[in-house]
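Engineer: Here you go, sequence then predicted model.
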Amino acid sequence: MDQAYFVQLLINAVMLGLIYTLTALGFTLIFGISRVVNFAHGEIYMVGAFVAYSLVSYGHLPVVLALLLAAVVVGVLGVVLEFLIFRPIRPKQVGTIDELPNVIVSVALIYIIPTAVVLIAGTRERTLPHLITGSVTLGGAIISNERLLIMAVALAIFVGLLLFIWRHRDGRAMVAISQDTEAALLQGVSHQRIISLSFGLGFGLAAIAGALLAPIYFIDVNMGPPVLLKTVIVVILGGIGSIPGTLLGGLLVGFIDVFGQAYLGGSLPTLVAFALVILIMLIRPRGLLGHD
Amino acid sequence: MKRAFFVAISVMVLIGLLLASVSCGSSEPTATAGPTATSVQKTDTFRIGLLACLSGAAVGWGIPWAQSFEVQRDLINDAGGFTVGDTTYTIELLIEDDAYSAEIGVAAVNKLIFQDKVDYIIIGFAGSVLHAVAPILNKNEILGFTGSSAASMPEDSTWIYKTSEHNDYRYVAVGGYINDNYPDIKTAVAMDYDIDAGHYAIKVFTDFVNENTDWEIAETAYCSEGTKEYYTYLNKLLQHDPDLLFLGGTPGAFSLAVKQVRELGYTGPIFGANGLDTSILIDIVGVEDAYEIYVPYYDPNVSPEVKELCDEYIARYGEYSVLTPFMSDYIPVIIQAAQQAGTLEKHAVKNALDTGTFTSTMGEGMWVGQNTIGINHVFLRDHIIGCFQDGDQVAVGTVAMKDLARMLGEL
């Protein structure tokens, strides 16, 4: 293999892997705390990109600020949706799980959200201005500075989330609830507040992932479903509830995607990823780094 | 006595004749008498079904498709409708969503035929929907008009008409122009999505290259559906140092591929499989990198009718859509056929479609297709080749429809 080609593939794999990690972290955060499987997570990723676009085009904000603000705006949307839709259908008794209403609601959102976006923004593809311009040469490959920046930002967000989970009181509360809800409540953790926070963070992570890729790709109303697919694969491979596992799963899927496209082409990389998922579920159902 | 009798009879006959002439004359309208019941034009509504992708993956094309027809309907109705025989018709569009899905398309067509009782249906450009609904239309003798870009036509589709040409014609036109103007091209590469339409587009391009040029196709690449990361594929293709790159995909995907291939250092010409809006390409690619991109061009200024249609679309929706000039012949062709038949009765209109002569909104038009789809049901018109340069899309050449037909063995 040509060295420059390999380096190009490697950079792209890591970049995509980190973006998948951010999206999957949001998904696993929501599920781990509230037991809601958010099938509309891909649509949130799409909404994040559209919000960033709106802030740049109509709010005339700098791209970097628009990306961060998009995460905040969509995070607030997550809190509001949790309050208005998911909370009323949640069983009142702590520890009781009833997935069906959540599934129905999140599936409904898969249709409602893109339809709303089409009505508001139309169907035309859009793009964001570059974050930065220029390129560097690494190992003979031309790598845009923008892609390197996206990798750095994604990594920084991941590290920031880790620090929040490990060091911040609410982060530790999230871990406690995901491990044993009743015990956490006995320790004085506010279940409702942490669930709201998980929705806010989860939505925000998906949104910034979508917004980060907007300058190098384009934004369209159909960009959500492929991301949801990747997210589910990452979460299952890495292990639900495991942050390091999500990073490992994200990078693994990024590598399968990029190198699979290079050597298999077409839709075969997705087939390989799903085959790996089945293998993991048979051999190690909790995922590569998941907990029992 | 006899003389008096004859005089009396003559007078009575004369009076009788006079009375008869007066009574006949009074039943005819006079110029100064004003309109009477028999001189008032009859009016009626022409109901036509329209399938459009109003949801699903192709919604970016489906909504402008439907909106373009709505604009054309309104322009025709606001101008007083159209006349066939002694009846003036206004158009009623019954729009149904096919979601780019064969199953949903079938349900929509069944509703239009059996519930709404239409005899005319415009089908979109989804080949899968066309193949699914064609048997229903043919069996129930419903006239169908499609914009599917695939060359295939379902078997025994005597009631289906392709009112816009398919890829074979477009690629011969654009490819022929590139071949004539870039004599140094030796190596070509191609990329499209790993879906039926993508494989078909590359197949048609490959056939064109093999039959009409000295180019060698060094490699073809099929991207997984939904991906926006083309670097992997483009890097593979660029390793062959190509002189020409063929790209398919939706306007956004095509534009993104152009952007990424320019980022990777490719500066050669690009052959685009589909027409697209200038503004989308410039938005995504940028003015500096949008050069030497050759595409089928649907010129919004090609004729007063098309210009009016496009201007009204822009006034209503705020932005131009390439689908507006693309669909501009569908309803006019139906109207021409009905006027030639003297009626909107579907069998008579079908006969007129098969035997009549037609003009397009771009000039002449003719029915071809025997050689490519086995039946002369493809409406061909002059084909314009567009090129992006200096931030705009300009017409760089026109291939006359008869030349195009000859190139494909239709004449």
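Structural biologist: Nice, thanks for sending it over.
Engineer: what about residue B:44, helix or strand, and which?
Structural biologist: Following DSSP states H and E, the helix or strand that holds residue B:44 is strand B:42-52.
Engineer: Quick check: residue A:272 touching residue A:260?
Structural biologist: Yes - the criterion here is CB atoms under 8 Å, and residue A:272 meets it with residue A:260 at 5.6 Å. In this view, the C-beta of every residue, glycine as well, is placed from N, C-alpha and C.
Engineer: Compare neighbour counts for the two and give me the winner.
Structural biologist: residue A:260 (22 against 15; other CB atoms under 10 Å in any protein chain shown).
Engineer: how far away is the more buried one from residue B:66?
Structural biologist: Applying CB to CB, to the nearest Å, the value for residue A:260 to residue B:66 is 38 Å.
Engineer: which stretches of the chain have low pLDDT?
Structural biologist: Looking at chain A here, since you left the chain open. Across chain A, the ranges flagged by pLDDT under 70 are A:1, A:93-98, A:291-292.
Engineer: you looked at the wrong chain, it should be chain B
Structural biologist: Scanning chain B for pLDDT under 70 picks out B:1-40, B:150-151.
Engineer: Contact residues of it facing chain A?
Structural biologist: Counting by CB under 8 Å from any CB of the partner chain, the positions of chain B adjacent to chain A are B:55, B:57, B:59-60, B:62-64, B:194, B:221-229, B:231-233, B:235-236, B:239, B:250-252, B:255-256, B:263-265, B:280, B:283-284, B:319.
Engineer: Please, which helix or strand holds the closest residue to chain A within chain B?
Structural biologist: Here chain B gets closest to chain A at one residue, residue B:252, 3.1 Å apart by CB to the nearest CB. Element membership for residue B:252, per DSSP H and E: helix B:251-263.
Engineer: Out of the residues of chain B next to chain A, which end up buried?
Structural biologist: The neighbour count (16 or more other CB atoms under 10 Å in any protein chain shown) marks B:55, B:57, B:59-60, B:62-64, B:194, B:221-224, B:226-229, B:231-233, B:235-236, B:250-252, B:255-256, B:263-264, B:280, B:283-284 as buried among the residues of chain B next to chain A.
Engineer: out of those residues, which are inside strands?
Structural biologist: In this view, these that belong to strands under DSSP state E are B:221-223.
Engineer: export the residues you listed to JSON lines and tack on distance to residue B:203?
Structural biologist: Output for these, formatted as JSON lines (distance: CB to CB, whole Å):
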{"residue": "B:221", "distance to residue B:203": "14"}
{"residue": "B:222", "distance to residue B:203": "11"}
{"residue": "B:223", "distance to residue B:203": "16"}
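Engineer: can I assume residue B:199 sits in a helix?
Structural biologist: Yes - under DSSP: H, G, I helix; E, B strand; the rest coil, residue B:199 falls within a helix.
Engineer: Tell me how far it lies from residue B:235.
Structural biologist: Using CB to CB, we find residue B:199 at a distance of 21 Å from residue B:235.
Engineer: Name the residues that touch the helix holding residue B:252?
Structural biologist: Helix B:251-263 is contacted by residues A:125, A:135, A:142, A:144, A:217-218, A:220, B:60, B:191, B:193, B:228, B:230-231, B:234, B:238, B:245, B:247-249, B:270, B:272-274, B:276-277, B:280-281, B:283-286, B:289-290, B:293, B:322 when judged by CB atoms under 8 Å, 6 or more residues apart in numbering or on different chains.
Engineer: Who are the packing partners of the helix or strand following that helix?
Structural biologist: Sequence-wise, the next helix or strand downstream of helix B:251-263 (DSSP H and E) is strand B:270-272. Applying 3 or more CB pairs under 8 Å, 6 or more residues apart in numbering or on different chains; DSSP states H and E, we find strand B:270-272 packed against helix B:167-181, strand B:244-247, helix B:251-263, strand B:293-297.
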